[in-house]
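Enquirer: next comes the sequence, and after it the predicted model I'd like to discuss.
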Amino acid sequence: MAEVVDYAPKVMLGEGLFWDDRNQKIRYLDISGKLLIDIDPVKKTIHSVSTPHRPGAYALIDPNELSPLGSSLEVSKGKFLVGYEDGFHITDSEVEKRENIYKTAVIDSSHDGRLNDGRCDRQGRFVCGGYNAKETDGTWNKYQTVWQVTKGDVKPLFETKCGCSNACCWSPDGKTMYWSDSGDKKLLKFDYDIEKGETSNETVFVDFAARGYEGIADGATVDTRGGIWVANFGGGRVMRFDPDTAEMTYEVMVPGCSTPTCPAICEKDMDTLYITAHGSFHDAEKMLPGGPEENAGRLFKFKLPAEYRGIKEPEFVL
């Protein structure tokens, strides 16, 4: 059972979680609250910055890289690539300056459209897909694109559209990519060309509906053994799947919250699983103290068994 990180704020929609090894900080965001958040797990200090638009995912930029396309923002320690609802921006750590240098990525803003889950592949390309709301009849149509951002360029990774891009992560060698369009209730697996950054051989890795799993696949990460840790939104847990058999080999329950959103293995020794959650999905009375969703929107952590350790998050390479 995970535990609540009691010094971390309760947020409206926690997402985008990753371990910033360079600065030894846990980073995540509040999409609806328009916040970028970082935590020092040793000092137990929190720093947050307001953003002008809803952020969906972000990555630290490798400070050894030069500024792209003549950007006025010097790329140094503390610069990020952020996927906002209006596109991809280079920004400084305080979001005092931001610049959209990837104007060819046009985000479909219909149906509350915005960017959502994303991570860097092992070579430093940033992959981030979109989200759009369901129709009034509950149908989850697909209006969004999964984008791949590279040095000075952005292009669709898939030809097909999606409704809620999630679970984007890669095997330790980078040659396998996992991804989900959450509404389909399937975790997909692709061969990934590490030289070209292209996918092929799409297969269903885990069919949530066929297995009778409650809820959907949300954010995901991979451990050193290749295991895929997936936030089970609606199921109140994080599930680990074996990369070879696709069998669930471990689960971490999230107390007082059925809607975990994104897992990441963090801290200096890469031995602690952190989990973000949705904090505005439920009826208010359910989120009251003692209610079934009293911890919705909180940050959680869980010390992993010795056989499971995390992989350092790649930085965005311009």
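Expert: Yep, it's here. Numbers count the residues shown, from 1 in each chain.
Enquirer: please enumerate the helices of the stretch 151-300 of the chain.
Expert: Assigned by DSSP state H, counting those that start in this stretch, the stretch 151-300 of the chain shows helices spanning 208-211.
Enquirer: the strands in it, which residues?
Expert: Ranges of strands in the stretch 151-300 of the chain, per DSSP state E, counting those that start in this stretch, are 153-156, 165-170, 176-181, 186-193, 198-207, 216-222, 228-233, 237-241, 248-253, 260-266, 272-277, 300-303.
Enquirer: okay, the ones you listed in TSV with distance to Q123 and mean neighbour count next?
Expert: No exception for glycine: its C-beta is placed from N, CA and C like everyone else's. TSV is the format used below for those (distance: least, Cβ to Cβ, whole Å; neighbours: other Cβ atoms under 10 Å):
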stretch	distance to Q123	mean neighbour count
strand 153-156	14	14
strand 165-170	9	26
strand 176-181	12	24
strand 186-193	10	19
strand 198-207	12	14
strand 216-222	15	28
strand 228-233	19	28
strand 237-241	24	24
strand 248-253	28	16
strand 260-266	19	27
strand 272-277	25	26
strand 300-303	29	18
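Enquirer: distance to A284 and mean pLDDT added to these, as CSV?
Expert: Output for the strands of the stretch 151-300 of the chain, formatted as CSV (distance: least, Cβ to Cβ, whole Å; pLDDT from 0 to 100):
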stretch, distance to A284, mean pLDDT
strand 153-156, 39, 93
strand 165-170, 26, 98
strand 176-181, 29, 98
strand 186-193, 32, 98
strand 198-207, 33, 98
strand 216-222, 22, 98
strand 228-233, 19, 98
strand 237-241, 24, 98
strand 248-253, 24, 98
strand 260-266, 19, 98
strand 272-277, 16, 98
strand 300-303, 21, 98
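Enquirer: nearest to D21, out of those strands?
Expert: Nearest to D21 among the strands of the stretch 151-300 of the chain is strand 260-266 (9.1 Å), distances taken as Cβ to Cβ.
Enquirer: other SSEs contacting that closest one?
Expert: If contacts are counted by 3 or more Cβ pairs under 8 Å, 6 or more residues apart in numbering; DSSP states H and E, strand 260-266 sits against strand 14-20, strand 25-30, strand 216-222, strand 228-233, strand 237-241, strand 272-277.
Enquirer: that strand pairs with which strands?
Expert: As defined by DSSP bridges, the strand partners of strand 260-266 come to strand 272-277 (antiparallel).
Enquirer: next, count neighbours for T45.
Expert: As a burial measure, T45 scores 11 neighbours (other Cβ atoms under 10 Å).
Enquirer: of all the helices and strands packed on strand 260-266, which lies closest to I46?
Expert: So among the helices and strands packed on strand 260-266, strand 25-30 is nearest, using Cβ to Cβ, at 9.7 Å.
Enquirer: picking that back up, which of the strands of the stretch 151-300 of the chain sits closest to A2?
Expert: Across the strands of the stretch 151-300 of the chain, closest to A2 is strand 300-303 (Cβ to Cβ), at 4.0 Å.
Enquirer: and the contacts of the closest one?
Expert: Identification of contacts with strand 300-303 by Cβ atoms under 8 Å, 6 or more residues apart in numbering yields 1-5, 252, 254-255, 257, 260, 271-275, 277.
Enquirer: go again with 7 Å.
Expert: Residues from elsewhere that reach strand 300-303, judged by Cβ atoms under 7 Å, 6 or more residues apart in numbering: A2, E3, V4, V5, V252, V254, D271, T272, L273, Y274, I275.
Enquirer: quick check: pLDDT value at the third one.
Expert: The reference is to V4. The per-residue pLDDT reported for V4 equals 98.
Enquirer: show me what it is bridged to.
Expert: The partner list for V4 in beta bridges (DSSP bridges) reads F300.
Enquirer: what's the answer for the last one, then?
Expert: With DSSP bridges applied, the residues forming beta bridges to I275 are P263, F300.
Enquirer: against C262, how distant is it?
Expert: Computed with Cβ to Cβ, to the nearest Å, the distance linking I275 and C262 is 7 Å.
Enquirer: circling back: just so I know, which of the helices and strands packed on strand 260-266 lies nearest K286?
Expert: strand 272-277 (13.3 Å).
Enquirer: now do the closest one: distance to the chain's middle.
Expert: 11 Å (Cα atoms, centre = their mean, to the nearest Å).
Enquirer: please apply the same query to stretch 257-268.
Expert: Remark: stretch 257-268 is offset 9 Å from the chain centroid, using Cα atoms, centre = their mean.
Enquirer: and stretch 171-189, by the same measure?
Expert: 13 Å.
Enquirer: do the same with stretch 123-138
Expert: 11 Å.
Enquirer: now C162: how far from L115?
Expert: Distance of C162 to L115, given as Cβ to Cβ: 12 Å.
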